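A.B. asks: Let me see the structure of the following:
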Amino acid sequence: MTEELTDNTSAQIPNSGHKTFLKIDAKFPFCKGCGHHHITHAINDALVKLNAEPQHVNITSDIGCVGLVDVLFDTVHSFHTTHGRSTAFAAGVEIADSVLADSKLKNIVVIGDGGAMIGLLHVVNAAQLNVDVTVILYNNFLFGMTGGQNSSFSPPDFVTATTPRGNIIPPIDIMALLEGANAGFLARKTATDSDLADTIASAIAYPGFALVEVLELCTEYALRGNSIRGNKLAEVIPGKVLELGIISDKRDKVEFGEAYKKKFPRIEKSAESKQTGIVPRYGNSIEKKTGLVIGGTAGERVQSSAYMLVQAAVLCGANATQKNDNPVTQGSGFSLSEVVMSREEIYYTSIDTPDIVIAASEDGVRELAAQGVFNRAGGDTLVIADDGLDIPECPGRIIKLPLRRKYSPADAAFAGVLTAIKMTGMLPVEAVREIAAGQKRATGLLSLIDRVLAGN
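C.D. replies: This next block holds a predicted model:
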């Protein structure tokens, strides 16, 4: 059931100049009485207490009821991931920020006990690395979104949809497990603890890996058949009282990004040696952001042809990106490559409406059609295809040439690229020749360039 956020307790915290990070009119989608309400508010209150800047906060969410949390926040970055993988994604974001950028981003993971079970090694590895990620574990002891099945965190004798007579499998003690992984900051709280926000704030402020396990009960499934209630959650495991509060706070550990930079310091290059790789020496005629898609067969140099185009574009002072796709079989089936070229910096690397489509084989046509490339073509799209292929009806201009018969199947994709350059004039041929001259099969490529440009 959906409950509207009416109390708005975080809308303005006394003695704080920061307003809530939650959307003011957010509708919390959790069941009545669910601890997800309290935990999500506590994360918000912690960010307010820390005077966090929204642009320096990233919330990565997992699958399940907890996957509904990130959309409740406003202005911060958010990243919705696959089941169990949220910690790994957040760790990657944090490592990139700490090693390559200014290390200002605070990465917060919201994950349920189901997601933590599925992605347990990701959580353990992040603790081993001591990467600066804060994991908030919403632990309600079962899979609440999919019917109340037991999880690896379900206590002994716990009644769930799949353990109707009580669970007999010992649960994971995440605190003990992560202590064994030498985690820096560990805490366990209940969803209704008055100081939950303070604990979460301490975890976020900790310079390294931190995890706060928050105990709660799923009001839809956990209350059926179980006598335990919220005020006794520390006693959820029969015969044992769980330790609550901050369990570990190691200040002598070095955060991964800092350790990496110390171990592998950047070597400052002299002015003479700073220019490495491709140094632009030509101009270009790219008038707007241009998207080109090549579809062909694996092993017929589709992706290497696209890569030479990317290199030539960079040699001409343009920005260029490349994305490849092929089946897991690698050496058989289709091969697809998308190239985006622009004079401006490229922030969006996908191609909504292709400007140029090159179809070099039947495998390529099938995959281009399957991915909707022809359907997304516009009136100005240029389609260059082998003349032996049936191209689906689509807008734009279709040019059919004997790419495979005239230049060989292995050269059909690059012949299509050269034809596109010849027809549009977007790059000077001299740049393409220079890139081709640096390849292993330079002689054949240079000969192919001459033949395509001459129409032979």
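A.B. asks: going forward, measure contacts between C-alpha atoms and count neighbours the same way
C.D. replies: Noted.
A.B. asks: so what's the residue lying closest to Leu120 once chain neighbours are set aside up against?
C.D. replies: Of all residues beyond its chain neighbours, the one nearest Leu120 is Gly84 (7.4 Å), with distances taken as C-alpha to C-alpha, 6 or more residues apart in numbering. Listed by C-alpha atoms under 8 Å, 6 or more residues apart in numbering, the contact partners of Gly84 are 62-63, 111, 114-120, 122.
A.B. asks: Tell me which entries of those residues lie within strands.
C.D. replies: Using DSSP state E, the members of the contacts of Gly84 that fall in strands are Ile111.
A.B. asks: so where do the helices sit in this protein?
C.D. replies: 35-49, 86-100, 113-118, 120-129, 174-180, 196-205, 256-263, 302-315, 362-370, 403-407, 412-424, 429-437, 442-454 (DSSP state H).
A.B. asks: Let me know which of those is the nearest to Val214.
C.D. replies: Comparison of these against Val214 by C-alpha to C-alpha identifies helix 35-49 as nearest, at 7.6 Å.
A.B. asks: who touches that closest one?
C.D. replies: Contacts for helix 35-49 (C-alpha under 8 Å, 6+ apart): 10, 13, 16, 18-22, 28, 30, 66, 69, 138, 191-192, 196-198, 200-201, 214, 216-218.
A.B. asks: give me the low-pLDDT residue ranges for the chain?
C.D. replies: Flagging of the chain using pLDDT under 70 yields the residue ranges 1-18, 267-276, 330.
A.B. asks: can I see the domain layout of it?
C.D. replies: Per automatic domain parsing, the domain ranges recorded for the chain read 3-261, 290-454.
A.B. asks: Mind exporting the C-alpha coordinates of stretch 98-109 to PDB?
C.D. replies: The C-alpha trace of stretch 98-109 is given here as PDB (Å, rounded to 0.1, in the frame of the first residue of the first chain):
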ATOM      1  CA  SER A  98      39.000   8.900  -5.400                       C
ATOM      2  CA  VAL A  99      41.700   7.900  -7.800                       C
ATOM      3  CA  LEU A 100      40.900  10.000 -10.900                       C
ATOM      4  CA  ALA A 101      38.900  12.900  -9.600                       C
ATOM      5  CA  ASP A 102      38.600  15.100  -6.500                       C
ATOM      6  CA  SER A 103      37.300  12.400  -4.100                       C
ATOM      7  CA  LYS A 104      34.400  14.600  -2.900                       C
ATOM      8  CA  LEU A 105      31.600  12.100  -3.600                       C
ATOM      9  CA  LYS A 106      30.000  10.300  -0.700                       C
ATOM     10  CA  ASN A 107      28.600   7.000  -2.000                       C
ATOM     11  CA  ILE A 108      25.700   5.500   0.000                       C
ATOM     12  CA  VAL A 109      24.300   2.000  -0.800                       C
END
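A.B. asks: got the buried residues for it?
C.D. replies: 98, 103, 105-109 (16 or more other C-alpha atoms under 10 Å).
A.B. asks: What about those, which are in strands?
C.D. replies: Using DSSP E, the buried residues of stretch 98-109 in strands are 106-109.
A.B. asks: Next, format these as CSV and append distance to Ala91.
C.D. replies: Listed next are those as CSV, based on distance: C-alpha to C-alpha, whole Å:
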residue, distance to Ala91
Lys106, 11
Asn107, 8
Ile108, 10
Val109, 9
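A.B. asks: Asp380: which of the residues you listed is nearest?
C.D. replies: Taking C-alpha to C-alpha as the measure, Asp380 lies nearest Asn107 of these, at 42.6 Å.
A.B. asks: Okay, and the beta partners of the closest one?
C.D. replies: Asn58, Val133 (DSSP bridges).
A.B. asks: wait, it sits on Thr134?
C.D. replies: Yes - in this structure, Asn107 is within contact of Thr134 by C-alpha atoms under 8 Å, at 6.3 Å.
A.B. asks: Okay, Met74 and Gly115: tell me how far apart.
C.D. replies: Quick fix: residue 74 reads Asp, not Met. Distance from Asp74 to Gly115, counting by C-alpha to C-alpha, to the nearest Å: 24 Å.
A.B. asks: out of these two, which sits in the busier spot?
C.D. replies: Ranked by neighbour count (other C-alpha atoms under 10 Å), Asp74 and Gly115 place Gly115 first, with 27 against 15.
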